[in-house]
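Can you look at this prediction? I've put the sequence above it.
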Amino acid sequence: MTPSEIIIQSLTPILISYWWVFLVPVLLGLLKSPFIKGVLGEFQVNLAYKLFLDKRTYSLFKNVTLTTEGTGTTQIDHIIVSRYGVFVIETKNMNGWIFGNPQQKMWTQTLYRHKTQFQNPLHQNYKHVKTLQAALQLEDRQIFSLVVFVGDSTFKSAMPDNVVYIGGYIRYIKNQTDVVLADTNVLAICAKIQSERLSPSLLTHSNHVKHVKTLVEQKQQRNNQDNACPRCGSAMVVRTTKSGANQGKTFFGCSNYPRCRMVKQIEA
(Lines give C-alpha, C1' and ligand atoms only; values in the text may rest on other atoms or scores of the structure.)
Protein backbone atom coordinates (compact mmCIF):
# COMPACT_ATOMS: atom_id res chain seq x y z
CA MET A 1 0.00 0.00 0.00
CA THR A 2 1.37 3.38 -1.03
CA PRO A 3 1.73 6.29 1.45
CA SER A 4 -1.08 8.20 -0.29
CA GLU A 5 -3.42 5.20 0.01
CA ILE A 6 -2.55 4.88 3.71
CA ILE A 7 -3.38 8.56 4.30
CA ILE A 8 -6.68 8.28 2.40
CA GLN A 9 -7.64 5.14 4.31
CA SER A 10 -6.91 6.77 7.67
CA LEU A 11 -8.76 10.00 6.86
CA THR A 12 -11.86 8.38 5.32
CA PRO A 13 -13.58 7.55 8.67
CA ILE A 14 -12.96 11.14 9.90
CA LEU A 15 -14.40 12.65 6.72
CA ILE A 16 -17.47 10.42 6.93
CA SER A 17 -18.11 11.32 10.59
CA TYR A 18 -17.38 15.04 10.39
CA TRP A 19 -18.37 15.96 6.83
CA TRP A 20 -20.61 18.72 8.17
CA VAL A 21 -17.57 20.57 9.56
CA PHE A 22 -16.38 21.16 6.00
CA LEU A 23 -19.88 22.11 4.85
CA VAL A 24 -20.40 24.91 7.42
CA PRO A 25 -17.84 27.37 5.92
CA VAL A 26 -19.38 26.83 2.47
CA LEU A 27 -22.88 27.57 3.76
CA LEU A 28 -21.67 30.65 5.65
CA GLY A 29 -20.00 31.92 2.50
CA LEU A 30 -23.20 31.40 0.51
CA LEU A 31 -25.28 33.26 3.10
CA LYS A 32 -22.93 36.25 2.81
CA SER A 33 -23.03 36.29 -1.00
CA PRO A 34 -24.87 39.22 -2.65
CA PHE A 35 -27.23 36.84 -4.46
CA ILE A 36 -28.40 35.03 -1.30
CA LYS A 37 -28.64 38.30 0.65
CA GLY A 38 -30.81 39.66 -2.14
CA VAL A 39 -33.03 36.59 -2.07
CA LEU A 40 -33.46 36.82 1.71
CA GLY A 41 -34.26 40.53 1.51
CA GLU A 42 -36.86 39.99 -1.19
CA PHE A 43 -38.38 37.14 0.84
CA GLN A 44 -39.04 39.54 3.72
CA VAL A 45 -40.73 42.03 1.40
CA ASN A 46 -42.87 39.21 -0.06
CA LEU A 47 -43.81 37.96 3.40
CA ALA A 48 -44.85 41.42 4.62
CA TYR A 49 -47.04 41.79 1.53
CA LYS A 50 -48.75 38.46 2.18
CA LEU A 51 -49.38 39.25 5.84
CA PHE A 52 -50.43 42.90 5.75
CA LEU A 53 -51.81 43.88 2.33
CA ASP A 54 -55.22 42.93 0.96
CA LYS A 55 -54.69 40.76 -2.14
CA ARG A 56 -58.02 41.98 -3.56
CA THR A 57 -56.62 45.53 -3.62
CA TYR A 58 -52.88 45.08 -4.12
CA SER A 59 -51.21 42.83 -6.73
CA LEU A 60 -47.53 41.88 -6.37
CA PHE A 61 -45.06 41.12 -9.15
CA LYS A 62 -41.59 39.81 -8.17
CA ASN A 63 -38.29 40.00 -10.05
CA VAL A 64 -39.63 41.74 -13.15
CA THR A 65 -37.10 42.05 -15.97
CA LEU A 66 -38.05 44.49 -18.72
CA THR A 67 -36.26 45.41 -21.92
CA THR A 68 -35.05 48.98 -22.28
CA GLU A 69 -34.15 51.00 -25.35
CA GLY A 70 -31.83 49.02 -27.58
CA THR A 71 -30.95 45.55 -26.28
CA GLY A 72 -30.60 46.41 -22.60
CA THR A 73 -32.66 45.21 -19.65
CA THR A 74 -33.63 46.50 -16.23
CA GLN A 75 -34.61 44.28 -13.32
CA ILE A 76 -37.15 45.42 -10.72
CA ASP A 77 -37.26 43.66 -7.35
CA HIS A 78 -40.98 44.21 -6.72
CA ILE A 79 -43.93 45.99 -8.31
CA ILE A 80 -47.17 46.44 -6.38
CA VAL A 81 -50.20 47.59 -8.38
CA SER A 82 -53.35 49.08 -6.86
CA ARG A 83 -55.96 51.77 -7.45
CA TYR A 84 -53.76 53.95 -5.23
CA GLY A 85 -50.85 53.76 -7.66
CA VAL A 86 -48.01 51.58 -8.89
CA PHE A 87 -45.20 51.08 -6.37
CA VAL A 88 -41.73 50.27 -7.71
CA ILE A 89 -39.66 48.75 -4.91
CA GLU A 90 -35.86 48.44 -4.65
CA THR A 91 -34.69 46.17 -1.81
CA LYS A 92 -31.37 46.53 0.03
CA ASN A 93 -30.26 43.83 2.50
CA MET A 94 -27.51 45.60 4.47
CA ASN A 95 -26.10 45.89 7.98
CA GLY A 96 -24.30 48.72 9.75
CA TRP A 97 -24.73 52.48 9.54
CA ILE A 98 -26.05 54.04 6.33
CA PHE A 99 -25.08 57.58 5.28
CA GLY A 100 -26.45 59.41 2.26
CA ASN A 101 -28.88 61.92 0.82
CA PRO A 102 -31.07 61.93 -2.30
CA GLN A 103 -28.62 64.07 -4.31
CA GLN A 104 -25.44 62.01 -3.74
CA LYS A 105 -24.42 59.52 -6.42
CA MET A 106 -22.90 57.19 -3.84
CA TRP A 107 -24.01 56.31 -0.31
CA THR A 108 -21.79 54.88 2.44
CA GLN A 109 -22.16 51.81 4.61
CA THR A 110 -20.06 51.73 7.79
CA LEU A 111 -19.65 48.31 9.41
CA TYR A 112 -17.12 47.77 12.20
CA ARG A 113 -15.13 50.85 11.07
CA HIS A 114 -15.03 49.51 7.52
CA LYS A 115 -16.57 51.88 4.98
CA THR A 116 -18.08 50.72 1.69
CA GLN A 117 -19.68 52.91 -0.95
CA PHE A 118 -22.69 51.77 -2.95
CA GLN A 119 -24.86 53.36 -5.61
CA ASN A 120 -27.59 55.66 -4.34
CA PRO A 121 -30.61 53.29 -4.43
CA LEU A 122 -32.94 56.20 -5.27
CA HIS A 123 -30.91 56.82 -8.43
CA GLN A 124 -30.82 53.08 -9.10
CA ASN A 125 -34.60 52.86 -8.81
CA TYR A 126 -35.13 55.95 -10.98
CA LYS A 127 -34.34 53.97 -14.13
CA HIS A 128 -36.76 51.25 -13.05
CA VAL A 129 -39.52 53.81 -12.47
CA LYS A 130 -38.99 55.60 -15.77
CA THR A 131 -38.84 52.35 -17.77
CA LEU A 132 -42.07 51.11 -16.22
CA GLN A 133 -43.75 54.51 -16.45
CA ALA A 134 -43.04 54.69 -20.19
CA ALA A 135 -44.23 51.12 -20.76
CA LEU A 136 -47.47 51.67 -18.85
CA GLN A 137 -47.99 55.32 -19.92
CA LEU A 138 -48.46 56.50 -16.34
CA GLU A 139 -48.46 60.02 -14.98
CA ASP A 140 -46.00 60.99 -12.23
CA ARG A 141 -48.79 60.99 -9.64
CA GLN A 142 -49.65 57.39 -10.49
CA ILE A 143 -46.25 55.80 -9.82
CA PHE A 144 -44.09 55.73 -6.68
CA SER A 145 -40.45 54.91 -6.06
CA LEU A 146 -39.83 53.07 -2.80
CA VAL A 147 -36.50 51.84 -1.33
CA VAL A 148 -36.73 49.24 1.44
CA PHE A 149 -33.76 48.39 3.70
CA VAL A 150 -33.83 45.00 5.40
CA GLY A 151 -31.19 43.58 7.72
CA ASP A 152 -29.65 45.20 10.78
CA SER A 153 -29.00 48.65 9.30
CA THR A 154 -29.41 52.10 10.84
CA PHE A 155 -29.85 55.36 8.96
CA LYS A 156 -27.37 57.97 10.20
CA SER A 157 -28.61 60.57 7.71
CA ALA A 158 -32.08 62.03 7.37
CA MET A 159 -33.87 59.93 4.77
CA PRO A 160 -36.82 60.94 2.56
CA ASP A 161 -40.22 59.35 3.21
CA ASN A 162 -39.74 56.80 0.43
CA VAL A 163 -36.57 55.27 1.95
CA VAL A 164 -37.73 52.99 4.77
CA TYR A 165 -36.96 49.93 6.86
CA ILE A 166 -38.88 46.72 6.21
CA GLY A 167 -41.45 47.68 8.85
CA GLY A 168 -42.17 51.00 7.16
CA TYR A 169 -42.82 49.91 3.61
CA ILE A 170 -46.35 48.61 4.27
CA ARG A 171 -47.12 51.82 6.14
CA TYR A 172 -45.83 53.92 3.22
CA ILE A 173 -48.09 52.09 0.76
CA LYS A 174 -51.15 52.29 2.99
CA ASN A 175 -50.55 56.02 3.49
CA GLN A 176 -51.28 56.55 -0.22
CA THR A 177 -55.06 56.85 -0.04
CA ASP A 178 -55.90 58.93 -3.14
CA VAL A 179 -57.45 56.82 -5.89
CA VAL A 180 -55.37 57.52 -9.01
CA LEU A 181 -56.27 54.50 -11.16
CA ALA A 182 -59.63 53.04 -12.10
CA ASP A 183 -60.16 49.33 -11.50
CA THR A 184 -60.15 48.69 -15.25
CA ASN A 185 -56.78 50.46 -15.50
CA VAL A 186 -55.40 48.32 -12.67
CA LEU A 187 -56.40 45.14 -14.50
CA ALA A 188 -54.89 46.41 -17.75
CA ILE A 189 -51.63 47.37 -16.01
CA CYS A 190 -51.32 43.94 -14.38
CA ALA A 191 -51.91 42.25 -17.74
CA LYS A 192 -49.34 44.46 -19.47
CA ILE A 193 -46.66 43.83 -16.83
CA GLN A 194 -47.25 40.10 -17.17
CA SER A 195 -47.02 40.23 -20.95
CA GLU A 196 -44.07 42.66 -21.18
CA ARG A 197 -41.81 41.02 -18.58
CA LEU A 198 -39.18 38.54 -19.70
CA SER A 199 -39.78 34.99 -18.54
CA PRO A 200 -38.35 34.61 -14.99
CA SER A 201 -35.45 32.15 -15.24
CA LEU A 202 -31.80 31.70 -14.40
CA LEU A 203 -30.96 32.55 -18.01
CA THR A 204 -32.88 35.85 -17.85
CA HIS A 205 -31.13 36.76 -14.58
CA SER A 206 -27.72 35.74 -15.96
CA ASN A 207 -28.18 37.83 -19.12
CA HIS A 208 -29.24 40.84 -17.05
CA VAL A 209 -26.17 40.48 -14.79
CA LYS A 210 -23.93 40.38 -17.88
CA HIS A 211 -25.63 43.50 -19.22
CA VAL A 212 -25.07 45.38 -15.94
CA LYS A 213 -21.43 44.24 -15.84
CA THR A 214 -20.93 45.54 -19.38
CA LEU A 215 -22.42 48.92 -18.45
CA VAL A 216 -20.12 49.18 -15.40
CA GLU A 217 -17.05 48.32 -17.48
CA GLN A 218 -18.01 50.90 -20.12
CA LYS A 219 -18.48 53.56 -17.44
CA GLN A 220 -15.07 52.75 -15.94
CA GLN A 221 -13.46 53.00 -19.38
CA ARG A 222 -15.08 56.41 -19.96
CA ASN A 223 -13.88 57.60 -16.55
CA ASN A 224 -10.36 56.41 -17.31
CA GLN A 225 -10.40 58.16 -20.67
CA ASP A 226 -11.71 61.39 -19.13
CA ASN A 227 -8.92 61.28 -16.56
CA ALA A 228 -6.13 60.35 -18.98
CA CYS A 229 -3.05 62.53 -19.40
CA PRO A 230 -3.51 64.54 -22.63
CA ARG A 231 0.23 64.25 -23.30
CA CYS A 232 1.13 60.59 -22.72
CA GLY A 233 -2.20 58.87 -21.98
CA SER A 234 -1.29 57.72 -18.46
CA ALA A 235 -3.77 58.16 -15.60
CA MET A 236 -3.91 61.54 -13.88
CA VAL A 237 -3.72 61.35 -10.07
CA VAL A 238 -4.48 63.91 -7.37
CA ARG A 239 -1.36 65.55 -5.95
CA THR A 240 -0.77 68.31 -3.38
CA THR A 241 1.59 71.26 -3.76
CA LYS A 242 4.17 70.94 -0.97
CA SER A 243 5.76 74.38 -1.07
CA GLY A 244 5.53 77.86 -2.55
CA ALA A 245 2.60 80.24 -2.85
CA ASN A 246 0.21 77.39 -3.73
CA GLN A 247 1.25 75.13 -0.84
CA GLY A 248 -1.57 72.82 0.21
CA LYS A 249 -3.54 73.16 -3.02
CA THR A 250 -4.43 70.01 -4.97
CA PHE A 251 -4.08 69.37 -8.69
CA PHE A 252 -4.03 66.51 -11.19
CA GLY A 253 -0.53 65.31 -12.00
CA CYS A 254 0.52 62.63 -14.46
CA SER A 255 1.21 59.27 -12.83
CA ASN A 256 4.15 58.91 -15.23
CA TYR A 257 6.04 61.70 -13.39
CA PRO A 258 8.94 62.57 -13.65
CA ARG A 259 9.01 61.32 -17.25
CA CYS A 260 5.86 63.34 -17.92
CA ARG A 261 5.26 66.58 -16.00
CA MET A 262 1.78 67.30 -17.32
CA VAL A 263 -0.59 68.89 -14.75
CA LYS A 264 -4.28 69.84 -14.81
CA GLN A 265 -6.13 72.12 -12.46
CA ILE A 266 -8.96 70.66 -10.40
CA GLU A 267 -12.17 72.50 -11.22
CA ALA A 268 -13.97 73.92 -8.20
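Structure received.

Need the distance between the two termini of stretch 63-72.
For stretch 63-72, the separation between the terminal residues is 16 Å (Cα to Cα, to the nearest Å).

Stretch 240-260 now?
17 Å.

buried stuff in that stretch?
Within stretch 240-260, the residues scored as buried using 16 or more other Cβ atoms under 10 Å are Phe252, Gly253, Cys254, Asn256. All C-beta atoms are positioned from the backbone trio N, CA, C, and that covers glycine.

which residues in the stretch 1-150 of the chain form helices?
3-17, 19-31, 34-52, 121-136 (DSSP state H, counting those that start in this stretch).

Of those helices, which shows the lowest average pLDDT?
Note on the helices of the stretch 1-150 of the chain: lowest mean pLDDT is at helix 19-31, with a mean of 51.

Pull the number of nearby residues for the spatially closest residue to Asp161 that is not a sequence neighbour.
Closest residue in space to Asp161, ignoring its immediate chain neighbours: Tyr172 at 6.8 Å, by Cβ to Cβ, 6 or more residues apart in numbering. Applying other Cβ atoms under 10 Å, we find 17 residues neighbouring Tyr172.

can you check Gln194 too?
Gln194: 11 neighbours (other Cβ under 10 Å).

Which residue comes closest to Lys249 once chain neighbours are left out?
Thr241 (5.0 Å).

these two touch, right, that neighbour and Gly253?
No. Thr241 lies out of contact with Gly253 (Cβ atoms under 8 Å); the separation is 9.8 Å.

what's the closest of the buried residues of stretch 240-260 to Asp152?
Of all the buried residues of stretch 240-260, Phe252 has the smallest distance to Asp152: 40.3 Å, by Cβ to Cβ.

Correct me if wrong, but that closest one is in a helix.
No. Assigned with DSSP: H, G, I helix; E, B strand; the rest coil, Phe252 falls outside any helix and is strand.

Which pLDDT value does the model give it?
The score at Phe252 is 79. That number is its pLDDT.

wait, doesn't it sit right on Ser234?
No. The criterion here is Cβ under 8 Å, and Phe252 misses it with Ser234 at 11.3 Å.

which stretches of the protein aren't confidently modelled?
For the chain, the stretches with pLDDT under 70 are 1-38, 70-71, 200-226, 244-248, 265-268.

can you map out the strands along it?
59-67, 73-82, 85-93, 96-99, 106-111, 114-119, 143-150, 153-155, 163-165, 236-240, 250-254, 263-265 (DSSP state E).

thinking again about what came up before, what about the residue nearest to Lys249, distance to Leu198?
Thr241 sits 54 Å away from Leu198, going by Cβ to Cβ, to the nearest Å.

How about Asn46?
From Asn46 across to Leu198, the span is 20 Å (Cβ to Cβ).

Then Lys130?
Taking Cβ to Cβ, one finds Lys130 at 18 Å from Leu198.

Let me see the domain layout of this structure.
Here the domain parsing of the chain from automatic domain parsing is 33-222, 227-265.
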